[in-house]
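**Student:** Fold the following.
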Amino acid sequence: MQEAGMMDTDITFQEAEQQLTKFVTNGIKAPGHYFMHTVKESNSIGSFWLQLMKRRSTEAYLWDIFIGEDRRGKGYVKNSTVEIEAFAKNKGATRIFLNVYSLNTVARNLYSKAGFRESAITMLKSL
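**Tutor:** Reported below is the predicted structural model:
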């Protein structure tokens with residue numbers, strides 16, 4: 001994210017906290033927001049934040065995916081996204097979307113293989 005010029009690491013956590021405060025006003029009980037963990041043998045492998053919203057149809061937005069560094073590359077995101085998609089579909093969602101930074105080729109490839117496609121591109125120019 002920092003390499004893409006999109007984020008200053010000094011303010012990353014502050015911005016994340018502000019996002020949570022803005023969008024999740026009632027904590028983890030915020031309507032339409034779901035916080036999930038991937039668990040293996042009673043150990044948390046990672047966490048996910050999904051929001052369901054009604055537009056023309058019900059859509060799911062995957063706000064955050066976190067897998068511990070020591071557990072990456074072992075299929076947890078792939079397996080979890082399948083479960084998250086099934087959960088969202090069961091709740092009435094007809095599509096799911098997320099954002100990924102352009103330089104995060106590992107994540108972009110993973111999402112492409114999972115059936116996601118690019119739908120918008122943000123461009124940046126330093127001044």
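**Student:** If you drop the residues flanking it in sequence, what lies closest to A107?
**Tutor:** V100 (5.0 Å; C-beta to C-beta, 6 or more residues apart in numbering). In short, each C-beta sits where N, CA and C put it, glycine included.
**Student:** check contacts around that neighbour.
**Tutor:** A107, R108, Y111 (C-beta atoms under 8 Å, 6 or more residues apart in numbering).
**Student:** So for stretch 110-127, what gets flagged as buried?
**Tutor:** L110, Y111, F116 (16 or more other C-beta atoms under 10 Å).
**Student:** Nearest to G68 among the residues you listed?
**Tutor:** The nearest member of the buried residues of stretch 110-127 to G68, counting by C-beta to C-beta, is L110 at 16.0 Å.
**Student:** correct me, but that closest one touches Y76?
**Tutor:** No - judged on C-beta atoms under 8 Å, L110 makes no contact with Y76 at a distance of 10.7 Å.
**Student:** Could you say which helix or strand holds Y34?
**Tutor:** For Y34, the host element (DSSP states H and E) is strand 33-40.
**Student:** before we move on, what about I96?
**Tutor:** strand 95-97.
**Student:** what's the average pLDDT for that strand?
**Tutor:** Average pLDDT, strand 95-97: 94.
**Student:** any idea of the mean pLDDT in the following helix or strand past that strand?
**Tutor:** Note on strand 95-97: by DSSP H and E, the next helix or strand toward the C-terminus is helix 105-113. Averaged across helix 105-113, pLDDT comes to 90.
**Student:** Alright, calling it a day.
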